[in-house]
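Enquirer: compute the structure for the input listed below.
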Amino acid sequence: MDFHRIRSALSVVFSRLPLSQSRAQRAGDGKPEAEPIVPSPMHPVHPPSASRTLRRKNLFWEWRGVWIVTPTVTGIVITLRLLGWLQPWEWMAFDHYIRTRPLEPKDPRIVIVGINEADLRKVRQWPIPDTLLAQLIEKIKAQNPRAIGLDLYRDLPVKPGHSALVEVFKTTPNLIGIEKVNEQDSDAAVAPPPILAKKQQVGVNNVIVDADGKLRRALLFATKDGQNTDSFGLVLAWMYLNAQGISPQPTPHNPQFIQWGKTIFRPFKPNDGGYVGADDGGYQFVLNYRGPANRFTTVSLSQVLQGEIPADLMRDRIVLIGSTATSLNDFFYTPYSGEHISTSQRTAGVEIHANIISHILSAVLAGRSAIQTWPEPVEGLWILLWSTIGATLTWRWRYVGGVRSLSFHNAASPFLAAGMLVGVTYIAFLRGWWIPVVPPLLALSLGSIIITTYMAHTARQIRHILGRYLNDSVVAEVLENPNGLKIGGECRKITILTSDLRGFTALSEQLKPQEVVKVLNIYLECMADVITYYQGSIDEFIGDGILVLFGTPTTREDDAERAVACAIAMQLAMISVNQKMKQLGFPKLEMGIGINTGEVVEGNIGSEKRTKYSVIGGPVNLAFRIESYTVGGQILVSESTLKEVKPLLRINGHKQVKPKGVKRPITIYDVGGLGGKHNLFLPQEEETFFPLPEEIWLEFHYALLDGKHIGDSLFKGRLIKLSAKGALVRAEREDGHAVPQPLSNIKLTLLRPRNSVEDNRDIYAKVLDKSAEPGSFYIHFTAKPTDIEVLLEALYHRAKTPLDGENGLVSSF
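Expert: Got it, this is the predicted structure:
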């Protein structure tokens, strides 16, 4: 679901809530007057310091998602990293960076003499005999190399020619042999050549293979019998550099670090880079390869023995002798081997040592960047930073100003941030820094995902809130239709239902504000349930009135029929509403409903910043006018609605009226019920008016109401008959001004019998369209104070069953 569409839709819906617009204004009676803005206890004027504090609090609350998500995600990612779950992925990122960086040129300081498959076919023996190895070393010595590394195990003689090889070992001071150490398993160790060991011309050729089978680290020193032992590569590099007077020294500030030429070698730690809990035995460093396999000058054993190489190829260089034959299986997987090591290219062990030597030489002589890492606290802050970026970028979507502002750039911002993270770490890698990639990328993603999930949860809540104002079809139209939020409208035939509580304004004056709200909530909740059941769209709650639309946004054939069925069901639901009112000690409520059908303009009205999804047109105003003619419990429909539902409607009567703003009189119909599948009917109550004895006639003053205004003329009359809901009134004067028109509203003020003083408790009523004697008219009470209601009920029951002592009622009043 699109969160921005929901946010925009919410502004549409809440714009429909009445702020100062009255029902009469909606019907076209005018616009609300602007109210001056004045300081009040509800809107105090804060001092600057308090305003700043308030803004900070608001800012903190607005960004609460980021403050919560960021440290949580950081903690989760760091925990996953410490558990080692991210280590394989970080190794993959490291390998990818290694493979994608520019290749370096071959190192001219190193030459490899490889024993390949062709050599083995000629020699027909492995290991090669000592006599052949002695000849090879003599050939190499003839070119005056600075150092010769023999990457072949030679702890045992291989006849023939062992004595000749021993003599070569004795007479070659720059020849370095190898041994393999193993502190845990002495049987796995391989001893060095005895003569070279005696002369201390031996280096450890142990390599460190990670759990995924790749070699990323190398040794300067290994541990043997509790002592540091120089590695094979270190000894050869030292011999080369010593000829130039460059020797390693401990750094002054930390004896554990080695200062050598232009660089400082820092020992590898268990959690450096992407590693977690790695074995850091000896003195390790992350190996900076020159490139994939075959990145060094390589000649074969046969080429050297047969003199097929340049005479100065090995002069002042380091020469490594080792196996490059595939059948000898002295190969290792490296970062250049790719992701699938089962089918990837491997690098010969002798070339691994060449890379180690090249790494040391380039770092010492040229300051070539070694692969460095951050301390763990700094890496933790790095993860926190990207968790914050991910959460912040996503959280800011909340401030996108409408659907049109949701550009590709905004939607893709987390992906752009991820690209920036990869770019920054890659550039840093080119400069020799292995900055974690996967943990911050995971933190960025989790931050975005969690915030998005939170917004999706909020969107569901908003959709639920929207459902309190619109039915599901309107919610779907606003949220899911591409044009749901488009400014503009279209003509559509709909049915409009308006309802209003009779005399609620007067009733609310008798109740406390909290009680008014409680009464309204009970009433509106019940009505909303009924409206939802009949698939009506609640356009507005206007105080105690409701405006309901049938046929928007989706038009159905039975819109008018459902509107009438909904109206009847609403009137029937008033029984349960009034039961609750009685239990709470509140007065009984009565509701009138008007229904009209016609073509209106429907759509989003306003601007991109403030929009109202509504309907406009004469049929809406007419529906309000029709409703104004109703008495409590009555449903009046227009002729257009009657035509839509006529075969199913039961009509109790009709009347012709001329509403304000309508050129010609119209006929409205009193609905008694609806047949067909709905089968809903209002109770048939025949209203009987019982005469009051003349001695207890109630005198009163009354005035005509014009809309919300009370007329200036005051008339006097008497109640001479009473029914359960109304009365027959006899005017003191029989002129036309004293007798109000049918369906008009009046306000009555009872006079106290003894002194004819006006009582300040007002009664409101509607004049009925019912024939009466000249000078008389029937009314239907719409609002009565509680004590007046008790009095009238008592008079009504006495009139139904005449008893002696009626005068007592009046005197008690």
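
Enquirer: what is the longest helix along the chain packed up against?
Expert: Scanning the chain for the longest helix, with DSSP state H as the assignment, gives helix 438-467. In terms of contacts (3 or more C-beta pairs under 8 Å, 6 or more residues apart in numbering; DSSP states H and E), helix 438-467 is packed against helix 3-14, helix 64-82, helix 87-100, helix 376-395, helix 413-430, helix 472-480. No exception for glycine: its C-beta is placed from N, CA and C like everyone else's.

Enquirer: how about a cut-off of 6 Å?
Expert: Applying 3 or more C-beta pairs under 6 Å, 6 or more residues apart in numbering; DSSP states H and E, we find helix 438-467 packed against helix 3-14, helix 64-82, helix 87-100, helix 376-395, helix 413-430.

Enquirer: how about the contacts made by residue 210?
Expert: residue 216 (C-beta atoms under 6 Å, 6 or more residues apart in numbering).

Enquirer: how about 7 Å then?
Expert: Residue 210 makes contact with 91, 216, according to C-beta atoms under 7 Å, 6 or more residues apart in numbering.

Enquirer: how far away is it from residue 90?
Expert: Per C-beta to C-beta, to the nearest Å, residue 210 is found 11 Å from residue 90.

Enquirer: one step back: any idea which of the helices and strands packed on helix 438-467 gets closest to residue 354?
Expert: When those are compared by C-beta to C-beta, helix 87-100 sits nearest residue 354, at 16.6 Å.

Enquirer: quick one: distance of the closest one to the chain centre.
Expert: Relative to its parent chain, helix 87-100 has a centroid offset of 31 Å by C-alpha atoms, centre = their mean, to the nearest Å.

Enquirer: roughly how far is the very next helix or strand once past that helix from the heart of the chain?
Expert: Per DSSP states H and E, helix 87-100 leads on to strand 110-115 as the next helix or strand towards the C-terminus. Offset of strand 110-115 from its chain centre (C-alpha atoms, centre = their mean): 60 Å.

Enquirer: in its sheet, what does strand 110-115 sit against?
Expert: strand 297-300 (parallel), strand 318-323 (parallel) (DSSP bridges).

Enquirer: contacts for that strand?
Expert: Contacts for strand 110-115 (C-beta under 7 Å, 6+ apart): 128, 136, 140, 296-301, 304, 313-314, 317-325, 350-351, 354, 357-358.

Enquirer: any weak-confidence spans in the stretch 651-800 of the chain?
Expert: Applying pLDDT under 70 to the stretch 651-800 of the chain picks out residues 708, 736, 753-760.

Enquirer: can you tell which of the strands paired with strand 110-115 is closest to residue 189?
Expert: Closest of the strands paired with strand 110-115 to residue 189 is strand 318-323, at 19.3 Å (criterion: C-beta to C-beta).

Enquirer: list the helices and strands whatever helix or strand comes next after the closest one packs on?
Expert: Using DSSP H and E, the helix or strand that follows strand 318-323 towards the C-terminus is strand 331-332. Judged by 3 or more C-beta pairs under 7 Å, 6 or more residues apart in numbering; DSSP states H and E, strand 331-332 is in contact with strand 347-348, helix 349-366.

Enquirer: for the longest one, output the C-alpha coordinates as CSV.
Expert: To tie it back to what came earlier, the one meant is helix 349-366. Only the C-alpha atoms of helix 349-366 are listed here, as CSV (Å, rounded to 0.1, in the frame of the first residue of the first chain):
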residue,chain,number,x,y,z
GLY,A,349,51.9,-22.1,-3.3
VAL,A,350,55.2,-20.7,-4.5
GLU,A,351,53.3,-17.8,-6.0
ILE,A,352,51.5,-17.2,-2.7
HIS,A,353,55.0,-16.7,-1.2
ALA,A,354,55.9,-14.4,-4.0
ASN,A,355,52.8,-12.3,-3.1
ILE,A,356,53.9,-12.2,0.5
ILE,A,357,57.4,-11.1,-0.4
SER,A,358,56.1,-8.5,-2.8
HIS,A,359,53.7,-7.2,-0.2
ILE,A,360,56.5,-6.6,2.3
LEU,A,361,58.9,-5.1,-0.3
SER,A,362,56.4,-2.7,-1.8
ALA,A,363,55.2,-1.6,1.7
VAL,A,364,58.8,-1.0,2.9
LEU,A,365,60.3,0.6,-0.2
ALA,A,366,57.3,2.4,-1.8
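
Enquirer: tell me the buried residues in that helix?
Expert: For helix 349-366, burial by neighbour count (16 or more other C-beta atoms under 10 Å) applies to 349-365.

Enquirer: distance between it and the chain's centre?
Expert: Relative to its parent chain, helix 349-366 has a centroid offset of 51 Å by C-alpha atoms, centre = their mean.

Enquirer: just stretch 81-92 next, same as before
Expert: The chain centre lies 28 Å from the centre of stretch 81-92; the measure is C-alpha atoms, centre = their mean.

Enquirer: extract the CA atoms of it and return them as CSV.
Expert: The C-alpha trace of stretch 81-92 is given here as CSV (Å, rounded to 0.1, in the frame of the first residue of the first chain):
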residue,chain,number,x,y,z
ARG,A,81,28.5,-9.8,13.6
LEU,A,82,29.9,-11.0,16.9
LEU,A,83,28.1,-14.3,16.4
GLY,A,84,30.0,-14.7,13.1
TRP,A,85,26.9,-14.9,11.0
LEU,A,86,28.0,-12.0,8.8
GLN,A,87,31.7,-13.1,8.4
PRO,A,88,31.2,-15.2,5.2
TRP,A,89,29.3,-12.3,3.5
GLU,A,90,32.0,-9.8,4.5
TRP,A,91,34.7,-12.1,3.1
MET,A,92,32.7,-12.2,-0.2
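
Enquirer: one step back: show me what counts as buried in the longest helix of the chain.
Expert: Neighbour counts over helix 438-467 (16+ other C-beta under 10 Å) mark 438-452, 454-455, 459, 462-463, 466 as buried.

Enquirer: of the helices and strands packed on strand 331-332, which is nearest residue 678?
Expert: Evaluated over these, closeness to residue 678 peaks at strand 347-348, with 84.1 Å, by C-beta to C-beta.

Enquirer: pretty sure residue 293 sits in a strand.
Expert: No. Using DSSP: H, G, I helix; E, B strand; the rest coil, the secondary structure at residue 293 is coil, not a strand.

Enquirer: how about the contacts made by the nearest residue to it once chain neighbours are set aside?
Expert: Leaving out its chain neighbours, the residue that sits closest to residue 293 by C-beta to C-beta, 6 or more residues apart in numbering is residue 347, at 4.4 Å. By C-beta under 7 Å, 6+ apart, the contact set of residue 347 is 293, 331, 332, 334.

Enquirer: could you rerun that using 8 Å?
Expert: Neighbouring residues of residue 347 by C-beta atoms under 8 Å, 6 or more residues apart in numbering: 292, 293, 331, 332, 333, 334, 336, 337, 355.

Enquirer: equivalent analysis for residue 188, please.
Expert: Counting by C-beta under 8 Å, 6+ apart, residue 188 has contacts 180, 182.

Enquirer: what of residue 515?
Expert: residue 586.

Enquirer: that one: what secondary structure?
Expert: Assigned by three-state DSSP, the conformation of residue 515 is helix.

Enquirer: relative to residue 524, how far out is it?
Expert: Going from residue 515 to residue 524 by C-beta to C-beta gives 15 Å.

Enquirer: before we move on, what about residue 157?
Expert: Distance from residue 157 to residue 524, by C-beta to C-beta: 104 Å.

Enquirer: cool, residue 266 as well?
Expert: Taking C-beta to C-beta, one finds residue 266 at 73 Å from residue 524.

Enquirer: could you pull out the strands for the stretch 501-650 of the chain?
Expert: 537-542, 545-550, 591-606, 611-616, 635-638, 649-657 (DSSP state E, counting those that start in this stretch).

Enquirer: now the second one against strand 537-542, angle please.
Expert: Per axes from the mean of the first three to the mean of the last three C-alpha atoms, to 10 degrees, the angle that strand 545-550 makes with strand 537-542 is 170 degrees.
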